Each structure stands twice: as C-alpha cells, then as structure tokens.
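[1] Any chance you could fold what I've pasted below:
(2 chains)
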Amino acid sequence: MTQDPHIPFGMPRPPAPGFSASVPDAVAGNGLRAQEEAAPLPVSIDVEADARASGVFDVIEDLDRELVGLDPVKTRIREIAALLVVDMARRRFGLEAERPNLHMCFTGSPGTGKTTVAMRMATVLHRLGYLAKGHLVAVTRDELVGQYIGHTAPKTREVLKRAMGGVLFIDEAYYLHRQENERDYGQEAIEILLQVMENQRNDIVVILAGYRDRMDQFFSSNPGMGSRIAHHIDFPDYDLDSLVAIARIMLDRQRYTFANGAEPAFRELMSRRMTQPRFANARSVRNALERARLRQANRLVSDGRVVTRDDLMRIEAEDIYKSRWFTEAPGEQVLDGRTVPTG
Amino acid sequence: MLVTQGTFSYLPPLTDAQVKAQVQYALDNDWAMSVEFTDDPHPRNFLWDMWGLPMFDMRDPAAILLEVQRCRDAYPARYVRVNAYDRRLGRQTTALSFIVQRPKNETGFRLERQEGPDRQVRYTLHPYALDRGAGERYER
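    As a prediction, this is how the structure comes out:
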C-alpha cells in the first residue's frame, strides 16, 4: 500500500486560540466580497477592450468563418454577446442588475447548425463568466423521461446535474410533451426542468431545439416553458450556394478537393436532393460527400493503376454523377417501398 | 455539544460559498461525491444513510449543492455530510468528508459505566439523542 507523503498520520489537533476566527474569511466568499466593495469604482470602462480580453469575439469570429450563411442567427448571437458584455460592464460600476435570462430556443430544420451554434454559445457564455464550465450536454427525450413511476425525476435530475455549469441542449424538446397521453411521464420531466431553470438560473442554461411549428405547439401547451425562455432563434434553411460552400469547407477540412466539373455536378446533385423528402441541409451535404468518397475510393481501387497524392485528394465529377439521385428517377424510390437512406 | 466528525469539524460551520469551494476542490481532483445524513451522532457511526446515489461525471459544484439542499430540506433536523471518494489505485478511500448541516440542538453524550468481572469498569459513550425514536431525535 502506498502512502501519500503529504498526508500525515494521526488525529487532527484542536486549533490554536484565535485560529478559527481568521479562517472563514480566508476559505472563500466573505473576504472577497468585502474587498470588492471597498475598492473604488472605476470612472469609465472600455467596453470593447473588455470584450476582446474575454475572447468572446474570437469565438464569434470563428462562428462567422466556419458557419456558412445563417446571418439572422449570427446577428442574434452578436446581440446576446453584446448584452452580456454591457451587463458585465454595468456590474463593475456597481449597477446591480438581475442576471439576464439566458435560456434559449433554437428552431429550424435538421442540419441547420443548431447543435454547433449551441456549442459555441456555451463557449461564449463561459468566456463571459456566465457559466462556470461551458460544456454542452446534448440529450433527447429518452435521457430525461423514465419508463415507470418514480423513474423520471432522478433521471432528469441526473442529467441536469451533469449539465450544471454548462449548457443543457434538449434536441426535439417537443417530444417531452405528449398531448394524447396526459399521464405521460414527460410532464414530470418538464416540471423538474422548469423548477431548475428558475431556481438554478446561475448554474445552467437550457437550450431547446426542434422544428419551428412543433416547438410553437409545445410552447402553447406549456406556457410556463415559453415564458422562461428569453431568446427564440430561428435557423433558416440553406440555399443552394450555401450548401455548395459548406461542401467546399467540409472537403477542405478532410483534405479533399473538387476536380474541374465536380463542383457543378455537386450543385446539380444538391438542387435535386433539396426537393426530395428528408432533406437535412448540411447533414445531407455531409452524407453526399461521404458517398462520393466511397465511390472515389472504389474507382481508385478498381482502376488498378498507380495513384498519386493528387488522385487521392481529388473527387471527380463521375464520383458524383453516379449518385442515386442521378441514376434513379425521383419519386420511384419513395414508391417502391424500399428503405431509402436519409441524406 | 458540538459533534466533531470529519474534516473542518473544529471550524465554525461552513457557509454555502465555502462548501462550494471545497466541492470544487474535490471535483478538480476527480473525486466522486456523495451526500449522506443521519440522526445517530455516535462517533463510531460512520455508516450514514445515503441521500441518493453517489454522483459521478459531475462538472460543477452546483450539482452537488443542489443535492445537499434537497437533503437539508427533507431532513432539516439531522446531520448531513458530503463525502468525496478518491478512486485512484493505492488510495481507493474516502478522501474528504465534512458536515454541511447539524441539528440546531446537539444534545451531547453521557458516559456509561459497565461493571465487569473483578471490579473492572468499561466505559462507553451514549448519545442522549438515541433515547428517542428514529426520526424524532432532534427537534425541528
């Protein structure tokens, strides 16, 4: 058995007289506050320098660069960040204001970047000091709602505790509420969520995400939830140009490039895909690229010739034209009853 | 009479901010936390009742304080403590354990003498609180 050299044996001794009186201040809390109040208030603050120092705008600039389109979303996030920076500055002048309500709702179709933005939001809030840790815990109904009586509350609380100090991201939050079954355990999860969203506002930020119309319906049947969420951000669908730009960024990140003629082919592919059911924006782009990579690999192997570094990096137009969306007539795959992969 | 059991028990009661700082220290060391309560103050009683399961994978002290508060609300007149378990090989033991709530009136102990053979006397401590039934040992 090993013994930590820093831990002495034996019983602790009673403290020397006078010791206990000086300790509480030194441990935490009281002493700090007293110091803060004693310090003279600043006359003026350079808000922008403050924000730069916290590194918030770096995160937002990253967001601008890495996420294509989504202008309304970026504007809203900039506004929220500005509000928080100003709120911080006000606090330094001693203008105590209640901590702003930070719970949010992200609505939009699948693949429009809700999770990615939520992750960035967690970082922004952490940099500004509104969240102690700034991690993201993404859950769905399954992780919150139990299967029998008495199962839901501990389960929900466990998830909430794991998310403390960070962001709890609830995907497809409307599934928590089942209108057709009033004894559904989802209601219990909602009540615990509400309670924690209200009482532990300083420790956790809850972001709900899902389709716009179903989210609206969810809020209308749970008015308590709607009123506790301050920021409703709508994620618009991407247009064709954005999708192609996203594809370019994704390929670049994986060290691939489009060969001549492959990009128009991809644009054509996307314009066909967009009109089909189960189109999932950026996720569909990723899936299409994955399959193009498969076909590229297959082509390189079956050609049986020596490949160069360039060959390995290039995705040709033929890799894309072999897609199901070109070879099969649209509509057929829905009618013939086969399971069609999404994307 | 102040029951001194666990770390910091000679100090004045910790404030919530201080508890939070200690929990943060434990989390930084990757110790799993748990909350326990009892109304049997005997110093040899180290097996307290568990308040829920031990908490793994926690990132923020707010999570542990939430459970502490729930336990305090449920048992306002009992001892509540926070344990931190160090799972590292070679240690594998409770690394930190401190009381975060005690009953308002700690009734103390009486000394009991047991007559043994040969006029031998055995001494034992008996908490006055134990004379009452479980659950009503301390007034609210």
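[2] Pull out the buried residues from stretch B:47-54.
    Buried residues in stretch B:47-54, counted by 16 or more other Cβ atoms under 10 Å in any protein chain shown: B:48, B:51. C-beta coordinates here come from the backbone N, C-alpha and C atoms, glycine included.
[3] List the contacts of that stretch.
    A:154, B:32-38, B:67, B:70-71, B:74, B:79-81, B:85 (Cβ atoms under 8 Å, 6 or more residues apart in numbering or on different chains).
[4] Select from those the one having the most neighbours.
    Taking other Cβ atoms under 10 Å in any protein chain shown as the neighbour criterion, B:Val35 ranks highest of the contacts of stretch B:47-54 with 26 neighbours.
[5] Now do the SS call for that residue.
    strand (DSSP: H, G, I helix; E, B strand; the rest coil).
[6] which ones are touching it?
    Contacts of B:Val35 (Cβ under 8 Å, 6+ apart): B:50-52, B:64, B:67-68, B:71, B:80-83.
[7] is it true that A:Glu172 touches A:Glu143?
    No - counting by Cβ atoms under 8 Å, A:Glu143 is not a contact partner of A:Glu172; they are 11.8 Å apart.
[8] what separates B:Gly90 from B:Ser34, distance-wise?
    Computed with Cβ to Cβ, to the nearest Å, the distance linking B:Gly90 and B:Ser34 is 21 Å.
[9] which residues in chain B form strands?
    All strands of chain B, identified by DSSP state E, fall at B:32-38, B:49-55, B:79-86, B:93-101, B:109-115, B:121-127.
[10] Quick check: which of those is nearest to A:Ala280?
    strand B:49-55 (36.4 Å; Cβ to Cβ).
[11] Alpha carbons only: can I get that closest one in CSV?
    What follows is strand B:49-55, C-alpha atoms only, in CSV (Å, rounded to 0.1, in the frame of the first residue of the first chain):
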residue,chain,number,x,y,z
ASP,B,49,-27.8,6.9,5.2
MET,B,50,-27.2,7.7,1.6
TRP,B,51,-29.0,10.6,0.0
GLY,B,52,-29.4,9.2,-3.5
LEU,B,53,-26.6,7.5,-5.4
PRO,B,54,-23.0,8.8,-5.4
MET,B,55,-22.5,11.4,-8.1
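[12] from the chain's centre, how far out does that strand sit?
    Relative to its chain's centre, strand B:49-55 lies at 13 Å (Cα atoms, centre = their mean, to the nearest Å).
[13] ok, so of the contacts of B:Val35, who is nearest B:Thr4?
    B:Thr4 lies nearest to B:Arg81 out of the contacts of B:Val35, by Cβ to Cβ, at 12.3 Å.
[14] That closest one against B:Thr94, yeah?
    No - applying Cβ under 8 Å, one finds B:Arg81 not in contact with B:Thr94, separated by 10.3 Å.
[15] Residue of chain B closest to chain A, please.
    The nearest approach of chain B to chain A comes at B:Asp60, 2.7 Å away (Cβ to the nearest Cβ).
[16] Does the spatially most central residue of chain A lie in a helix or a strand, and which?
    Nearest to the mean C-alpha position of chain A, by Cα atoms, centre = their mean, lies A:Ala118 at 2.4 Å. Here A:Ala118 sits within helix A:114-127, counting by DSSP states H and E.
[17] Does chain B have contacts with that helix?
    No - judged by Cβ under 8 Å from any Cβ of the partner chain, helix A:114-127 stays clear of chain B, getting no closer than 11.2 Å.
[18] how about that helix as PDB, C-alpha atoms only?
    Extracted in PDB, the C-alpha atoms of helix A:114-127 (Å, rounded to 0.1, in the frame of the first residue of the first chain):
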ATOM      1  CA  LYS A 114     -28.400  24.200 -34.100                       C
ATOM      2  CA  THR A 115     -26.100  21.900 -32.100                       C
ATOM      3  CA  THR A 116     -22.900  23.600 -33.500                       C
ATOM      4  CA  VAL A 117     -24.200  27.000 -32.500                       C
ATOM      5  CA  ALA A 118     -25.300  25.700 -29.100                       C
ATOM      6  CA  MET A 119     -21.700  24.500 -28.500                       C
ATOM      7  CA  ARG A 120     -20.400  27.900 -29.500                       C
ATOM      8  CA  MET A 121     -22.900  29.600 -27.300                       C
ATOM      9  CA  ALA A 122     -21.700  27.600 -24.400                       C
ATOM     10  CA  THR A 123     -18.100  28.800 -25.000                       C
ATOM     11  CA  VAL A 124     -19.300  32.400 -25.400                       C
ATOM     12  CA  LEU A 125     -21.200  32.200 -22.000                       C
ATOM     13  CA  HIS A 126     -18.200  30.600 -20.400                       C
ATOM     14  CA  ARG A 127     -15.800  33.200 -21.600                       C
END
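[19] Hmm, A:Met197 is touching A:His103, no?
    Yes - between A:Met197 and A:His103 there is a contact under Cβ under 8 Å: 5.8 Å.
[20] returning to that earlier point: so which of the contacts of stretch B:47-54 would you say is closest to A:Val285?
    A:Pro154 (40.0 Å).
[21] Now do the end-to-end distance for stretch B:42-61.
    29 Å (Cα to Cα, to the nearest Å).
[22] ok now it, how far from the chain's centre?
    That offset, for stretch B:42-61, works out to 9 Å (Cα atoms, centre = their mean).
[23] now swap in stretch B:78-97 and tell me
    Centre-to-centre, stretch B:78-97 and its host chain are 11 Å apart (Cα atoms, centre = their mean).
[24] do that stretch and chain A meet?
    Yes - in terms of Cβ under 8 Å from any Cβ, part of stretch B:78-97 sits within range of chain A, namely B:90-91.
[25] Spell out for me which residue occupies the centre of chain B.
    When Cα atoms, centre = their mean is applied to chain B, the residue found nearest the centroid is B:Arg81 (3.7 Å).
[26] OK, contacts around B:Pro127?
    Contacts of B:Pro127 (Cβ under 8 Å, 6+ apart): B:40-42, B:107-109.
[27] and whichever residue of the stretch 51-200 of chain A sits closest to chain B, which of the three is it?
    Here the stretch 51-200 of chain A gets closest to chain B at one residue, A:Gly165, 2.7 Å apart by Cβ to the nearest Cβ. Following three-state DSSP, the label given to A:Gly165 is coil.
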